[in-house]
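Participant: Fold the following and give me the result.
(chains A and B)
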Amino acid sequence: MVNKNENNSEIASILASSLEQQSRVKDFIFQSSKFRIIFCFVNLYAVLIVAVYFLVKGDLVEGINTNFVNGVFLTVLNGRTSVFLLLFVSLNLSAYYNFGFKIVCLTTIIYMLNSAVDNIVLFSDSTKIIDRPYFSAFIITRPLFVIALVGLFILHKEKAKND
Amino acid sequence: MEARGKHMFESLKLSRVFWLSIITVYVFFIFAFYSLTAEFKNSYNSENAEQLYAAIKLTSVRFVGISIILIGYPFILLRNTQHAKYLTIALTVWVIAMYIDDHVVLYRMIEYSDRGLFALVQWCRPIVIISLVWMSIEFTLRPHPVD
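Facilitator: Purely as a prediction, here's the structure:
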């Protein structure tokens, strides 16, 4: 009976070590549940931003001041969305392959902060929140998005604990 | 004291190109600050005064952020190379983002003066970007001693 218990513990340790080896071979690192939840939120937010942009650009929603949309702001929005889309794709790719995630995340944070500062400096006098209700919702909640990205940057694990 | 300071910089084991890059960055930003103050006086006489004023306004706000980073950078560099690495990458990304924004996104909103010191500063921007990219690459790829 004693021997059987010893055998069980030996088998358990062998299985545990083999699983560890397998995970190292596959270079697969489990991120924390917090990280995964925040990552889902960031993706959802980014998809909504891009969806609203295409809806407004295609004139598919009502209640938007056409002068505002046809003006300079649309040029700015086109450029910003293109760059943001590239960063968003890079963020997902780097998370999937676990390569340079922190650098891409930092790039996205800086880009978002820079565009926020530019918008505040250049458009705060000329546009009103009522002219752009859909975009205003995103502009107001942008700090939340930046905080989520900072959270991803801090919580991301590049290497397994025992490496 | 002097020997200790010299030892602190040597212990970072950074190449001469890195130090040249860092000097380039600091000299550029001091020069850019001087040109900004000089250009501000001439902005009202320009043909595109509104766009030039927007450019100066935006550059002034950016300068505040960059000044804070550049003042704190040497202290972070000496204390923690890992933090200095991320700060260098952040500064590089910011400078690139500003360059892309100015030329691809905001080109209808702002206009920089095409003569005088400001034009020279604009011409030098890619050199500063290259210097910062080099600094980031060196921080990322070279092995560093433990802080």
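
Participant: thought B:Ala97 was touching A:Thr108?
Facilitator: No: taking Cβ atoms under 8 Å as the definition, B:Ala97 is not a contact partner of A:Thr108, at 10.3 Å. Using the backbone N, CA and C atoms, a C-beta is placed for each residue, glycine as well.

Participant: ok, these two, which is more surrounded?
Facilitator: Just comparing B:Ala97 and A:Thr108: by other Cβ atoms under 10 Å in any protein chain shown the higher neighbour count belongs to A:Thr108, 24 against 21.

Participant: contacting residues for the more buried one?
Facilitator: A:87-88, A:91, A:149 (Cβ atoms under 8 Å, 6 or more residues apart in numbering or on different chains).

Participant: which one of these is nearest A:Phe35?
Facilitator: A:Leu149 (11.9 Å; Cβ to Cβ).

Participant: how close does that closest one get to chain B?
Facilitator: 13 Å (Cβ to the nearest Cβ, to the nearest Å).

Participant: give me the number of residues near the one residue in chain B that gets nearest to chain A?
Facilitator: Closest to chain A within chain B is B:Val105: 3.4 Å, counting by Cβ to the nearest Cβ. Residues within reach of B:Val105, counting by other Cβ under 10 Å, total 22.

Participant: so what's it scoring on pLDDT?
Facilitator: Per-residue confidence (pLDDT) for B:Val105: 82.

Participant: Would you mind giving the contacts of A:Thr108 as a markdown table with secondary structure, neighbour count and pLDDT added?
Facilitator: A markdown table is the format used below for the contacts of A:Thr108 (DSSP: H, G, I helix; E, B strand; the rest coil; neighbours: other Cβ atoms under 10 Å in any protein chain shown; pLDDT from 0 to 100):
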| residue | secondary structure | neighbour count | pLDDT |
| --- | --- | --- | --- |
| A:Leu87 | helix | 19 | 91 |
| A:Phe88 | helix | 20 | 91 |
| A:Leu91 | helix | 21 | 93 |
| A:Leu149 | helix | 22 | 92 |
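
Participant: between these, which is closest to chain B?
Facilitator: Distances from chain B to the contacts of A:Thr108, taken by Cβ to the nearest Cβ, are shortest for A:Leu87, at 10.0 Å.

Participant: Isn't that closest one up against A:Cys105?
Facilitator: No: the criterion here is Cβ under 8 Å, and A:Leu87 misses it with A:Cys105 at 9.5 Å.

Participant: Quick one: residues contacting A:Phe101.
Facilitator: By Cβ under 8 Å, 6+ apart, the neighbours of A:Phe101 are A:91, A:94-95, A:156, A:158.

Participant: Kindly report the same for B:Ala97.
Facilitator: For B:Ala97, the contact set (Cβ under 8 Å, 6+ apart) comprises A:110-111, A:114-115.

Participant: Now with 7 Å, please.
Facilitator: Residues near B:Ala97 by Cβ atoms under 7 Å, 6 or more residues apart in numbering or on different chains: A:110-111, A:114.

Participant: Tell me which helix or strand it sits in.
Facilitator: For B:Ala97, the host element (DSSP states H and E) is helix B:81-100.

Participant: does the closest residue to chain B within chain A sit in a helix or strand, and which one?
Facilitator: Proximity of chain A to chain B (Cβ to the nearest Cβ) peaks at A:Gly79, 3.4 Å away. Per DSSP H and E, A:Gly79 falls inside helix A:72-97.

Participant: okay, the angle between that helix and helix B:81-100?
Facilitator: Counting by axes from the mean of the first three to the mean of the last three Cα atoms, to 10 degrees, helix A:72-97 points 150 degrees away from the direction of helix B:81-100.

Participant: next structured bit after helix A:72-97?
Facilitator: In N-to-C order, the element after helix A:72-97 by DSSP H and E is helix A:101-123.

Participant: which of the residues in that following helix are buried?
Facilitator: Residues of helix A:101-123 classed as buried by neighbour count (16 or more other Cβ atoms under 10 Å in any protein chain shown): A:101, A:103-115, A:117-119, A:121-123.
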